[in-house]
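**Student:** starting from these lines, generate the structure:
(one chain, ligands or ions: 1)
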Amino acid sequence: MGFKDECGVFGITQHSEAANLTYLGLYALQHRGQEAAGICATDGAELRLYKDQGYVADIFNEANLQLLAGDQAIGHTRYSTSGGNIKESAQPFIRNGRFGRLALCHNGNLTNAEQLRSYILTKEEILQSPSDSELLLALIQLSQAESLSDAIIESLKQVQGAYSLLIMDHENLFAVRDPHGFRPLVLGRLGNRYVFSSESCAFDLIGANYDREVLPGELIHIQKGSLQTSFPFERKSHKPCVFEHVYFARPDSFVFGQSVMKTRREMGRLLAERYPVSADLVIPVPDSGVAAALGFAEASGIPMDFGLIRNHYVGRTFIEPKQSIRSFGVRIKLNPVRHLIEGKRVILIDDSIVRGTTSKKIVEMVRQAGALEVHFRVSSPPTTHSCFYGIDTPSRENLIASHMNNEAMNHFIKSDTLAFLTLEDLIRAVHDESRGSGYCYACFNGDYAVPPPVV
Ligand code: SF4
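**Tutor:** Numbers count the residues shown, from 1 in each chain. The predicted model follows:
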């Protein structure tokens, strides 16, 4: 509980309800970004765009969806890891140029964005936002390649970092994942039409079938209903973000070829086996701790119950009233169920500890609700390093685990005992070895596949 979500992308081709289905897809991907959302649709001639800041349900209505006529659309939900929470950085981006009018949605973060920006500005191009995603479109439009497909390939060869992209013009749709495959992107079918999404949960909502992952380094081109695939980039080690399984993705999604519910539950099970504790009740920190808490309860034989209730209606824009009333802190989001907790030795299960301040408040809240003992179990290893691949993490010095050992953190959050999943057990939970391809674990071990940007 602490890292911020990133972005979600969705796209569909050859469907007369393309914009409406994209709206539904974005609704399912709302958890990946709540700052802004947008849809671009085409009827085979024009590209039409509607985007704004806020939640998907607040931005779109019948009237503006009707303006997005056409049979092909891409959409985006945004959380700002680059480019700030401003209207200009909302996606999709549209840019006119050599290849006509192009639209792009991006999930990820470019580590050489500043160099790319300088290069683009030397070409006297005008950029509308501080977003790294807009740079990709500018690069493509600057390319001297023969075809749009070649221009995309040429541009992406200049780019470093993480990208899962949907790019379209009035008749083509491209889906591409960076060669390390940091961020997810899946391919599905709705009848004989192709659909793309950051997570498979969006397919469930629109009645599409999950087909497969777009593979790291793969470029898929859809034109007139036919699919062509290629691997035009230098092959790199696969580094999908393990934090998608720990926290970001919805538990009902299939990500990197695996059920998130299954891997998350396994994390809880392994945590219980390695760090058992005598207690009366397992309590998940909602919502992301629920699946791991189920696994912990199963493996330990200790019952699980919902001793903390989350208020789902607290938006990002909630402004805490002046301190003269009171400091609500974490209480505005979570409330303990006193009759479940009072007189019990409880085990709290959370997915991660970032700064430690929220964990400390939760422990205090549970003690005030009458817990006799509070044992804290975390279903991921200590987060010691920042992410540069599309997740909004604090700088390293603000990550509590970067400068405190387990004992000091236990003392800081005032729990009776504290234990984290080991990296070895996380690797087991996500079946790293049997998949025959790795994951990114850089926020746990500092092993960055792409060098962080130089600041
Ligand atoms: Fe995911 Fe962490 Fe790697 Fe970022 S550094 S991509 S959050 S595993």
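**Student:** please name the nearest non-neighbouring residue to Val214.
**Tutor:** Leaving aside its chain neighbours, Val214 sits nearest to Leu185 (4.3 Å; criterion: CB to CB, 6 or more residues apart in numbering). C-betas here are computed from N, CA, C, even on glycine.
**Student:** for the one you found, report the pLDDT, please.
**Tutor:** At Leu185, the pLDDT value in this model is 98.
**Student:** which helix or strand contains Gln115?
**Tutor:** Per DSSP states H and E: Gln115 is located in helix 113-122.
**Student:** can you tell if the longest helix anywhere in the chain touches the ligand?
**Tutor:** Counting by DSSP state H, the longest helix found in the chain is helix 260-274. No. Using CB under 6 Å from any ligand atom, helix 260-274 stays clear of the ligand, coming no nearer than 13.5 Å.
**Student:** who does the helix or strand just after that helix touch, helix- and strand-wise?
**Tutor:** Later in the chain than helix 260-274, the nearest helix or strand by DSSP H and E is strand 281-284. Using 3 or more CB pairs under 8 Å, 6 or more residues apart in numbering; DSSP states H and E, the elements in contact with strand 281-284 are helix 290-300, helix 338-341, strand 345-350.
**Student:** tell me the buried residues in the helix holding Gln115?
**Tutor:** Ala113, Leu116, Arg117, Tyr119, Ile120 (16 or more other CB atoms under 10 Å).
**Student:** for stretch 279-294, same thing?
**Tutor:** Across stretch 279-294, burial judged by 16+ other CB under 10 Å covers 279-286, 288-294.
**Student:** repeat that for stretch 242-261.
**Tutor:** Residues of stretch 242-261 classed as buried: 242-251, 253-256, 258-261 (neighbour count, 16+ other CB under 10 Å).
**Student:** ditto for stretch 40-51
**Tutor:** Using 16+ other CB under 10 Å as the test for burial, stretch 40-51 gives Cys40, Ala41, Thr42, Leu47, Arg48, Leu49, Tyr50, Lys51.
**Student:** equivalent analysis for stretch 210-218, please.
**Tutor:** By 16+ other CB under 10 Å, the buried positions in stretch 210-218 come out as Tyr210, Glu213, Val214, Leu215, Pro216, Gly217, Glu218.
**Student:** and the last one, what pLDDT?
**Tutor:** You'll see Glu218 listed with a pLDDT of 98.
**Student:** was I right to think it contacts Pro232?
**Tutor:** No. Using CB atoms under 8 Å, Glu218 is not in contact with Pro232, being 9.0 Å away.
**Student:** any idea of the mean pLDDT for stretch 277-286?
**Tutor:** Stretch 277-286 comes out with an average pLDDT of 97.
**Student:** how long is it end to end?
**Tutor:** The first and final residues of stretch 277-286 sit 21 Å from each other (CA to CA, to the nearest Å).
**Student:** now do it: distance to the chain's middle.
**Tutor:** The gap between where stretch 277-286 is centred and where its chain is centred comes out at 27 Å by CA atoms, centre = their mean, to the nearest Å.
**Student:** what does it contact?
**Tutor:** Stretch 277-286 is contacted by residues 1, 290, 292-294, 296-297, 300, 302-310, 334, 340-341, 344-351, 362, 366, 373, 375, 377, 417 when judged by CB atoms under 8 Å, 6 or more residues apart in numbering.
**Student:** repeat that with 6 Å
**Tutor:** With contact meaning CB atoms under 6 Å, 6 or more residues apart in numbering, stretch 277-286 is reached by 1, 290, 293, 296-297, 302, 304-305, 307-308, 310, 344-350, 375.
**Student:** which is the succeeding secondary structure element to the helix or strand of the chain with the lowest mean pLDDT?
**Tutor:** Using mean pLDDT, DSSP states H and E, the weakest-scoring helix or strand in the chain turns out to be helix 432-435, at a mean of 59. Downstream of helix 432-435, the first helix or strand assigned by DSSP H and E is helix 442-445.
**Student:** give me the buried stretch members for that next one, please.
**Tutor:** Neighbour counts using 16+ other CB under 10 Å place Ala442, Cys443, Phe444 of helix 442-445 among the buried residues.
**Student:** okay if I get the residues you listed as TSV plus pLDDT and distance to Lys224?
**Tutor:** Below are the buried residues of helix 442-445 laid out as TSV (pLDDT from 0 to 100; distance: CB to CB, whole Å):
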residue	pLDDT	distance to Lys224
Ala442	96	41
Cys443	96	42
Phe444	96	45
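**Student:** now, which of those lie close to the ligand?
**Tutor:** Answer for those near the ligand (CB under 6 Å from any ligand atom): Ala442, Cys443.
**Student:** what's the closest of the buried residues of helix 442-445 to His76?
**Tutor:** Cys443 (24.1 Å; CB to CB).
**Student:** looking at it, that closest one is touching Thr383, isn't it?
**Tutor:** Yes. With contact defined as CB atoms under 6 Å, Cys443 counts as touching Thr383 (5.2 Å).
**Student:** look up the pLDDT of the residue lying farthest from the centre of the chain for me, please.
**Tutor:** Going by CA atoms, centre = their mean, the residue of the chain most distant from its centre is Gly343, 37.9 Å out. On pLDDT, Gly343 comes in at 98.
**Student:** check which helix or strand it maps to.
**Tutor:** Per DSSP H and E, Gly343 falls between elements, in no helix or strand.
**Student:** distance of it from Asn311?
**Tutor:** Here Gly343 is placed at a distance of 25 Å from Asn311 (CB to CB, to the nearest Å).
**Student:** pLDDT wise, what is Met1 at?
**Tutor:** Met1 is assigned 53 on the pLDDT scale.
**Student:** make that Phe174, sorry
**Tutor:** What the model reports as pLDDT for Phe174 is 98.
**Student:** what's the burial count for it?
**Tutor:** Neighbour count for Phe174, taken as other CB atoms under 10 Å: 25.
**Student:** before we move on, back to that, give the buried residues for the longest helix of the chain.
**Tutor:** The neighbour-count check on helix 260-274 (16+ other CB under 10 Å) flags 260-272 as buried.
**Student:** the strand ranked longest in the chain near the ligand at all?
**Tutor:** Assignment by DSSP state E gives strand 100-110 as the longest strand of the chain. No. On the criterion CB under 6 Å from any ligand atom, strand 100-110 is out of touch with the ligand, staying 8.8 Å away.
**Student:** returning to what we had before: residues touching the residue nearest to Val214, list them.
**Tutor:** By CB under 6 Å, 6+ apart, the neighbours of Leu185 are Ser164, Arg177, Val214.
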